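K.L.:
any chance you could fold what I've pasted below:
(one chain, ligands or ions: 1)
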Amino acid sequence: MSKIKMQNTTLNYVFDDFKKEQTLVFSNSLGTDLTMWDKQIELLGTAFNMLRYDTRGHGKSEGTEGEYSIEMLGNDVLDLLNYLKIEKVNFCGLSIGGLTGQWLGIHAPERLNKLILCNTAVKIGNNEGWNTRIETVQKNGLDSIVSGTQERWFTPEFVIENKAEVDSVLSTFVQTPLEGYISCCAAVRDADFTNEVSKISVPTLIISGTEDLVTTVKDGDFLMEKIPNSILAALKTAHISNIEKADDFTKLLIEFIKN
Ligand SMILES: O=C(O)CC1=CCC(=O)O1
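P.N.:
Numbering: from 1, shown residues only. Model prediction:
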């Protein structure tokens, strides 16, 4: 793992440079860290150069004072690419990572080959819901929402059959720095790409989960209707599709990036 010091934060990342033509960047969801992509890293082997990082305020990336915005998180990615001197990447982001992906697609298309938007939407949830969540965790901490989080992230069948794995993801969740979590909740609350998303011109794969109640297949359909050069694939998963259906998810990535 390495860290770069940027203007007002320090970002933790892992870059596996296999000297391939294509680089794939992974951007994690709220309350997770770069280890959420472990299965993809294992399954992809050396197919692409692989860059994964902890979103600001998550994992080992430093938090900064005050609320974040998706623009800030998008600029963190651009700073990281500039630092590593990587001109163009394929960017795969899940949920808030998918919001960062939309921002990059709209504002920095010259840095993208292809975009993969997973379990995301032009607008995730509503302001009231996010403000309630922020107040709850401010008062009672992340432990107080762990069971609701599990229900949103994984189907009951997956939890029964993969208890150790689910526990490990949730243990990362409760260890997320509270301020970083809250600041990212604010970034999600304030993001709405409804009127801009049609500006995304790079080839885009949208991945939805049929059992995802946070960012639904309907949200994925909306993205597909608005993004001209896009296709959609739906997997039978809840919110964290890349963990719940790791094989199918990774096959979709390979097929989309290579073709
Ligand atoms: O924890 C959730 O509610 C799911 C989620 C919303 C944005 C994100 O990144 O994860």
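
K.L.:
which pLDDT value goes with the closest residue to residue 88 other than its chain neighbours?
P.N.:
Spatial nearest neighbour of residue 88, chain neighbours left out: residue 113 (5.2 Å); criterion: CB to CB, 6 or more residues apart in numbering. The way it works is simple: take the backbone N, C-alpha and C, and place the C-beta from them, glycine included. pLDDT, residue 113: 98.

K.L.:
ok, now the one 10 residues further on?
P.N.:
According to the prediction, residue 123 has pLDDT 98.

K.L.:
assign it to helix, strand or coil.
P.N.:
Three-state assignment for residue 123 (DSSP: H, G, I helix; E, B strand; the rest coil): coil.

K.L.:
just to check, it is in contact with residue 195?
P.N.:
No: counting by CB atoms under 8 Å, residue 123 does not reach residue 195; the two are 10.5 Å apart.

K.L.:
more neighbours, these two?
P.N.:
A side-by-side neighbour count of residue 123 and residue 195, using other CB atoms under 10 Å, places residue 123 first with 19 against 9.

K.L.:
and the more buried one, how close does it get to the ligand?
P.N.:
Remark: distance between residue 123 and the ligand (CB to the nearest ligand atom, to the nearest Å) = 11 Å.

K.L.:
what do you get for residue 247?
P.N.:
Taking CB to the nearest ligand atom, one finds residue 247 at 22 Å from the ligand.

K.L.:
what distance separates the strand or helix carrying that residue from the centre of its chain?
P.N.:
Assigned by DSSP states H and E, residue 247 falls within helix 246-258. For helix 246-258, the separation from the chain centroid amounts to 16 Å (computed by CA atoms, centre = their mean, to the nearest Å).
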